[in-house]
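J.: fold the following, please.
(chains A and B)
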Amino acid sequence: AQSVSQHNHHVILSEAASLELGCNYSYGGTVNLFWYVQYPGQHLQLLLKYFSGDPLVKGIKGFEAEFIKSKFSFNLRKPSVQWSDTAEYFCAVTLLSGGYNKLIFGAGTRLAVHP
Amino acid sequence: EPEVTQTPSHQVTQMGQEVILRCVPISNHLYFYWYRQILGQKVEFLVSFYNNEISEKSEIFDDQFSVERPDGSNFTLKIRSTKLEDSAMYFCASIEGLAGSGSQFFGPGTRLTVL
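T.: Below you'll find the predicted structure:
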């Protein structure tokens, strides 16, 4: 069965530190890849997405992610985090063979940024 | 910016009771989804809906669950006889078109508590 793995469940950083959250998926076919963010008390918001083209995608709030097809990975990065980045981050994929775009989510990584 | 809305934000019910969770997707979107997130677990796909019928459903979506689009705007999830294990956050999502043409917009969720 298809699955998405996020390597870190909890990450604690100080402001200005660099961030990298790992995401791997298990599916041999073509996928669309997403990172969603959930700020405390708020709903899931799209951070960035990869459909095709340049494997390095830039999203909102200074986030970027790199799709490495050979590694089945889509890691999220930010060079310098802020306190306001405290949130839970979810990696997700959709399988293009399905046609109906269901999202398969990873377990999420809870990020806490200390001032 | 258009958004997906959900009501109620929190629903408390007794085991065995029926509940209906309501969603208003973005108006020009064609594909609708329900996901759930049990506390501390990952977001899980329940069902997708297109053209007034279920297009895909997960193993979780058994005979106790049903979805409906009773009019041009609402999209509902009904749980016929709730169980304790149905306690979760339920998210509605919608997308304008098929795979490769966009990403899902999520509502704020309904927290269902079954006592």
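J.: show the average pLDDT along stretch B:20-36.
T.: Averaged across stretch B:20-36, the pLDDT comes to 94.
J.: any idea how far A:W35 is from chain B?
T.: Applying Cβ to the nearest Cβ, to the nearest Å, the value for A:W35 to chain B is 11 Å. Where you see a C-beta, it was placed from the backbone N, CA and C, and this is true even at glycine.
J.: what about that residue, how many residues nearby?
T.: Residues within reach of A:W35, counting by other Cβ atoms under 10 Å in any protein chain shown, total 25.
J.: adjacent strands (with direction) for the host helix or strand of it?
T.: Following DSSP states H and E, one finds A:W35 within strand A:31-38. Looking at strand A:31-38 with DSSP bridges, its partner strands are strand A:45-50 (antiparallel), strand A:87-95 (antiparallel).
J.: okay, the ones you listed, which one's buried deepest?
T.: strand A:87-95 (a mean of 23; mean count of other Cβ atoms under 10 Å in any protein chain shown).
J.: if we can go back for a sec, quick one: the strands paired with strand A:31-38 as JSON lines, columns for mean pLDDT too.
T.: Shown next, in JSON lines, are the strands paired with strand A:31-38 (pLDDT from 0 to 100):
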{"stretch": "strand A:45-50", "mean pLDDT": "93"}
{"stretch": "strand A:87-95", "mean pLDDT": "92"}
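J.: B:E96 is nearest to which of those?
T.: When the strands paired with strand A:31-38 are compared by Cβ to Cβ, strand A:45-50 sits nearest B:E96, at 13.2 Å.
J.: which helix or strand contains the residue nearest the centre of chain B?
T.: For chain B, B:W34 is the residue whose C-alpha lies nearest the centre (Cα atoms, centre = their mean; 3.0 Å). In this assignment (DSSP H and E), B:W34 forms part of strand B:31-37.
J.: elements contacting that strand?
T.: strand A:103-105, strand B:19-24, strand B:43-50, strand B:88-95 (3 or more Cβ pairs under 8 Å, 6 or more residues apart in numbering or on different chains; DSSP states H and E).
J.: let's see that with 7 Å instead.
T.: strand B:43-50, strand B:88-95 (3 or more Cβ pairs under 7 Å, 6 or more residues apart in numbering or on different chains; DSSP states H and E).
J.: and the first one, anywhere near chain A?
T.: Same thing as strand B:43-50. Yes - counting by Cβ under 7 Å from any Cβ of the partner chain, chain A has neighbours in strand B:43-50: B:V43, B:F45, B:S48, B:Y50.
J.: ok, the nearest residue to the second one once chain neighbours are set aside - how many residues close by?
T.: When you say that, I think you mean B:F45. Using Cβ to Cβ, 6 or more residues apart in numbering or on different chains and skipping the chain neighbours, the partner closest in space to B:F45 is A:K102 (4.5 Å). A:K102 has 24 neighbours, counted by other Cβ under 10 Å.
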